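Student: Quick one, structure for this:
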Amino acid sequence: MKEAYLGIDIGSISTKGVIIDKEYQILSSAYIWTEGNPIGATKKLLHLLEKQFDKDNYQIEATGTTGSARKLVGDMVNATVIKNEITAHAVGTTTLHPDARTILEIGGQDSKIILVENGVAVDYAMNTLCAAGTGAFLSSQSKRLGVDVEEFGKIALSSKHPAQIATRCTVFAESDLVHKIQMGHTKEDIIAGLCKAVADNYLNNVGKGKKIVSPVVFQGGVSKNEGVVEAFKKALGCDILVDENGHLMGAFGIAILAGKSNERRKFDFSVGDMIFRTQEINCGRCPNNCEIICVYRDNVLIDSWGNRCDKGSLKQK
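Tutor: Numbers count the residues shown, from 1 in each chain. So this is what the prediction gives:
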């Protein structure tokens with residue numbers, strides 16, 4: 001049997017998964033919405049990956065998780081490697097594009113910039129709590145305009161005079177958008193303005209103070225929007241590389257890290273049929289009053305975290 005490695009990137013908006021071989025070729029991939037249920041999303045993801053996977057010739061020997069729910073999902077799949085998104089994205093991107101110097105990433109509710117030197121991430125920054133200028137922002141504006149967000153890019157490229165829309169704050173941006181509609185601006189000019197505003201907002205906030213050096217790789221779900229890609233090209237004055245698997249880069253990177261680790265744990269897709277649940281417990285045994293998250297598999301405690309002292313430690317059965 002040939003070795004394969006599974007990588008899962010679970011975020012607040014979307015959940016991504018890939019299975020790769022030793023040569024880092026993607027054998028199976030899936031991209032779905034998290035819908036506020038990381039456990040359910042992971043189960044669905046595993047079923048989708050299993051349908052594409054050649055179990056007769058490959059065996060998954062190591063698994064990695066990244067993203068906001070990486071610890072929870074790592075417990076579910078008994079991951080060998082659990083790393084943050086910065087590391088996973090940097091590894092995935094530089095594996096495919098060794099010359100990359102700047103990674104722009106805009107996802108559903110967050111965005112980040114990673115600066116790379118000699119294939120190693122040397123600096124990074126992430127957006128603040130506000131989701132202005134992210135995929136969720138574009139999605140909400142598309143509904144207001146009655147246009148599928150997938151069509152935004154194509155429509156934006158047809159605009160001759162993009163409307164000026166500020167996205168420093170989501171509330172102000174929506175107010176500005178309504179005003180532009182009432183003023184009679186065309187839909188394509190408003191959409192182009194939104195795409196430009198996303199790029200400007202990113203560079204003025206996430207990219208503030210960062211020296212953006214070419215080659216530049218743009219990834220995350222928003223990288224599929226041609227209008228935003230074009231806006232970045234004009235703002236930075238250089239070509240922007242968008243990888244066809246850019247939306248999977250976190251999962252791809254963590255799968256690579258799992259393969260590179262020395263530890264091996266055979267993965268069984270039957271984990272997708274097990275019953276997992278989480279429970280929050282307030283410790284109350286000291287003034288910290290820690291909120292402890294417990295993870296159960298088939299009603300057996302498999303892990304817990306959140307305690308700041310030994311009084312809140314829970315034993316696994």
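Student: Every contact and neighbour count from this point should use C-alpha atoms.
Tutor: Fine.
Student: low-scoring stretches of the protein, by residue?
Tutor: 128-133, 167-171, 312, 314-317 (pLDDT under 70).
Student: My guess is Asn307 contacts Cys286. True?
Tutor: No - counting by C-alpha atoms under 8 Å, Asn307 sits too far from Cys286 to count as a contact (10.6 Å).
Student: the more surrounded of the two?
Tutor: More neighbours surround Asn307 than the other of Asn307 and Cys286, with 18 against 11 (other C-alpha atoms under 10 Å).
Student: what's near enough to touch the more buried one?
Tutor: 290-292, 313 (C-alpha atoms under 8 Å, 6 or more residues apart in numbering).
Student: Kindly provide the distance from Met1 to Gly7.
Tutor: Distance, Met1 to Gly7, using C-alpha to C-alpha, to the nearest Å: 19 Å.
Student: Let me fix that, I meant to ask about Asn78.
Tutor: Where Gly7 is concerned, Asn78 sits at a distance of 12 Å (C-alpha to C-alpha).
Student: Common neighbours of these two, please.
Tutor: Thr63.
Student: which of those two has more neighbours?
Tutor: Gly7 (32 against 19).
Student: which residues are contacting stretch 185-196?
Tutor: So stretch 185-196 is contacted by 138, 145, 152-153, 155-165, 167, 177, 180-181, 227-228, 231-232 (C-alpha under 8 Å, 6+ apart).
Student: Quick one, which of those residues are buried?
Tutor: Neighbour counting over the contacts of stretch 185-196 (16 or more other C-alpha atoms under 10 Å) leaves 138, 152-153, 155-157, 159, 162-165, 167, 177, 180, 227-228, 231-232 as the buried ones.
Student: ok so, going back, state the pair within the contacts of Asn307 that is farthest apart.
Tutor: For the contacts of Asn307, the maximum inter-member distance is 11.4 Å, found between Glu291 and Ser313 (C-alpha to C-alpha).
Student: tell me which of the contacts of Asn307 is nearest to Ile39?
Tutor: Ile292 (17.7 Å).
Student: Which strand residues bridge that closest one?
Tutor: Ile281 (DSSP bridges).
Student: Look at it and say how many residues are nearby.
Tutor: There are 19 residues near Ile292, going by other C-alpha under 10 Å.
Student: try Lys266
Tutor: Around Lys266 there are 15 residues (other C-alpha under 10 Å).
Student: how near is it to Leu257?
Tutor: 16 Å.
Student: can you check Asn127 too?
Tutor: Distance from Asn127 to Leu257, by C-alpha to C-alpha: 25 Å.
Student: between the two, which one's more packed in?
Tutor: Leu257 (26 against 19).
Student: other SSEs contacting whatever helix or strand the more buried one lives in?
Tutor: Using DSSP states H and E, Leu257 falls within helix 249-260. Packing contacts for helix 249-260, counted by 3 or more C-alpha pairs under 8 Å, 6 or more residues apart in numbering; DSSP states H and E, involve strand 2-10, strand 14-21, strand 58-66, strand 81-82, helix 85-96.
Student: What is the distance between that helix and the centre of its chain?
Tutor: How far helix 249-260 lies from its chain's middle: 13 Å, per C-alpha atoms, centre = their mean, to the nearest Å.
Student: Identify the residues contacting that helix?
Tutor: So helix 249-260 is contacted by 4-9, 16-20, 22, 24, 61-67, 80-83, 85, 87-93, 219-220 (C-alpha under 8 Å, 6+ apart).
Student: Are any of these buried, and if so which?
Tutor: In those, the ones that pass as buried (16+ other C-alpha under 10 Å) are 4-9, 16-20, 24, 61-67, 80-83, 85, 87-93, 219-220.
Student: can you map out the helices along the stretch 151-300 of the chain?
Tutor: 152-157, 170-183, 187-205, 226-236, 249-260 (DSSP state H, counting those that start in this stretch).
Student: in terms of contact count, name the helices or strands touching the fourth one.
Tutor: This means helix 226-236. Looks like helix 226-236 contacts helix 152-157, helix 187-205, strand 240-241 (3+ C-alpha pairs under 8 Å, 6+ apart).
Student: In contact with Ile212: list those residues for me.
Tutor: So Ile212 contacts 101-102, 115 (C-alpha under 8 Å, 6+ apart).
Student: again, but for Val242
Tutor: 217-219, 223-224.
Student: with the residues you listed in mind, which one is nearest to Asn204?
Tutor: Out of those, the member with the shortest distance to Asn204 (by C-alpha to C-alpha) is Phe218, at 16.4 Å.
Student: give me the beta-bridge partners of that closest one?
Tutor: Leu104.
Student: how close does His185 sit to Pro215?
Tutor: His185 is 35 Å from Pro215, by C-alpha to C-alpha.
Student: ok, now Val300?
Tutor: With C-alpha to C-alpha as the criterion, Val300 and Pro215 are 49 Å apart.
Student: Which of the two has more residues huddled nearby?
Tutor: Pro215 (16 against 13).
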